[in-house]
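**Q** How does the following fold in three dimensions:
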Amino acid sequence: MLLDIETEAIECKMATTRRRDDDINKFKVGCVPTVFYIPDFISDSHQKQLLNHIYTAPVSKWKSLKNRRLQNWGGIVHEKGLLPQDLPPWLTNVTEKISNQSSLFPSAINHVLINEYLPNQGIMPHQDGPAYFPVVAILSLGSPVVMDFTPHPSLAGCTSNTENRGIIEGTDHVTSPNHDPFSIALMPRSLLIFKDMVYTDYLHGINDCEIQPYDTAVNATEVSPYQSVNETHDEDLKAIHRSTTRVSLTCRVVSKVHRNLFRF
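**A** You can find the predicted model right below:
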C-alpha cells in the first residue's frame, strides 16, 4: 500500500511537470527553441504595486551607472558565487510566480536586478555570465522596448572563451548557421525567458534611442496597441515610441551560495 501511494505521488508530480512544460511551450517565439514570451504575465494593479515598492525603496538601494541606474536584490554576486541576502516578500511573490509557472529554473530564484531606463537609454550587447544558471527571466514594467539578440562573435571565428565573455561593445556580429540575429518587443507586464544556447551563444541589448522599429520582431503582433507613427513622420514605419520610463526585473539563479563571508 505504501509503495502504491509513493508511486501515485511520483506519477502525479511527473504529470504536473509535463503539464507545466506544455503550458510554457505555448509561449515559444521565433526560430530558436529556447525563447519564451508571455504577454500580460502580471496584472496592471500588480505592476503598480511593484513600481511602488521599487520607488519607495531606500535611496541607498540605487546604484547609478553611465546610462542608467539599478537596484540589486538577493546579495552580492562574485565570480565564486553569491553572498546572499533574503529577497523581500514583494519580490519573492513575483519570483515564485515566475518559477512555478515556467518550471524552467532548477531552484528558487535568488537574485534580482532592477534596471531603470529613461526613454533614450538602453544597454550595450552583453551576456549575463557564468555565475548564473543559464536561464534568465525579464519582467518588463512601464514603457515598451525592443531587445535585440545577436550571435556572439566567437561563432564567427573569435577565440573568446565562453566563460570569459563579458560586455562587448562595438563588435561586428556575423551570423552563422542556426544562429541568426532576432529581436523581441517587450511590452509592459510581459515576461521574457531565454535559456541554454540563447544564454550562452547570443548577446542581448537595447539601443539608446527613443524610436525603435519593431516590424521584424518575432512577436510583432503584440505591439500594435503601442504603435506610434506620428513621431517618426513615416506612415510605413512600425516603431515603438519610448515616451516614458521603463523598469525591468532580471531574475536569475546563482547556483553557488556562500553563507559564511570568511569562507568565501
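**Q** only C-alpha atoms for contact and neighbour calcs from this point on.
**A** Noted.
**Q** So what does Ser102 have for phi and psi?
**A** Dihedral pair for Ser102: phi -100, psi -30, per degrees, to the nearest 10.
**Q** That one reaches Asp22, doesn't it?
**A** No - using CA atoms under 8 Å, Ser102 is not in contact with Asp22; the gap is 9.8 Å.
**Q** Neighbour count: those two, which is higher?
**A** Neighbours were counted for Ser102 and for Asp22 using other CA atoms under 10 Å; Ser102 has more, 20 against 12.
**Q** On the three-state scheme, Gly129 is what?
**A** coil (DSSP: H, G, I helix; E, B strand; the rest coil).
**Q** That one and Thr95, how far apart?
**A** 20 Å (CA to CA, to the nearest Å).
**Q** who's more crowded, those two?
**A** Thr95 (24 against 17).
**Q** Can you tell me the SS state at the more buried one?
**A** Thr95 - assigned by three-state DSSP - is helix.
**Q** can you tell me which residues contact it?
**A** Ala108, Ile109, Cys251 (CA atoms under 8 Å, 6 or more residues apart in numbering).
**Q** Whichever strand or helix holds Ser183: how far from the chain's middle?
**A** Assessed by DSSP states H and E, Ser183 sits inside strand 182-186. Chain-centre distance of strand 182-186: 12 Å, with CA atoms, centre = their mean, to the nearest Å.
**Q** cool, stretch 140-159 as well?
**A** Worked out by CA atoms, centre = their mean, stretch 140-159 lies 12 Å from the chain centre.
**Q** heads up, I number from 855, so please use that
**A** Sure, I'll start numbering at 855, so the last one becomes stretch 994-1013.
**Q** didn't Ile930 look like it was pressed against Leu937?
**A** Yes - look at Ile930 against Leu937 with CA under 8 Å: they come within range, at 5.1 Å.
**Q** quick one: which of the two has more around it?
**A** The neighbour comparison of Ile930 against Leu937 (other CA under 10 Å) goes to Leu937, with 18 against 12.
**Q** any idea how far the more buried one lies from Leu1103?
**A** In terms of CA to CA, Leu937 sits 20 Å off from Leu1103.
**Q** now Leu919
**A** 16 Å.
**Q** These two: which is more packed in?
**A** Leu1103 (24 against 8).
**Q** give me the beta-bridge partners of the more buried one?
**A** Beta-bridge partners for Leu1103, by DSSP bridges, are Ile968, Leu993.
**Q** wait, isn't it in contact with Tyr971?
**A** No - taking contacts as CA under 8 Å, Leu1103 lies outside contact range of Tyr971: 11.6 Å.
**Q** Break down this protein into its helices, ranges please.
**A** 856-879, 898-909, 943-956, 1051-1055 (DSSP state H).
**Q** Tell me how many other residues surround Arg1113.
**A** 12.
**Q** same question, Pro1067
**A** Neighbours around Pro1067, by other CA under 10 Å: 17.
**Q** partner residues bridging it?
**A** Ala1093.
**Q** if I pick it, what's in contact with it?
**A** With CA under 8 Å, 6+ apart, Pro1067 has these contacts: Val1000, Leu1091, Lys1092, Ala1093, Ile1094.
**Q** Pass me the low-pLDDT residue ranges in the stretch 855-1004 of the chain, would you?
**A** Under the criterion pLDDT under 70, the flagged ranges of the stretch 855-1004 of the chain are 855-875.
**Q** Let me have the contacts of Thr949 in TSV, extended by neighbour count and distance to His900.
**A** Putting the contacts of Thr949 into TSV (neighbours: other CA atoms under 10 Å; distance: CA to CA, whole Å) gives the following:
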residue	neighbour count	distance to His900
Ala962	16	21
Ile963	23	19
Cys1105	23	17
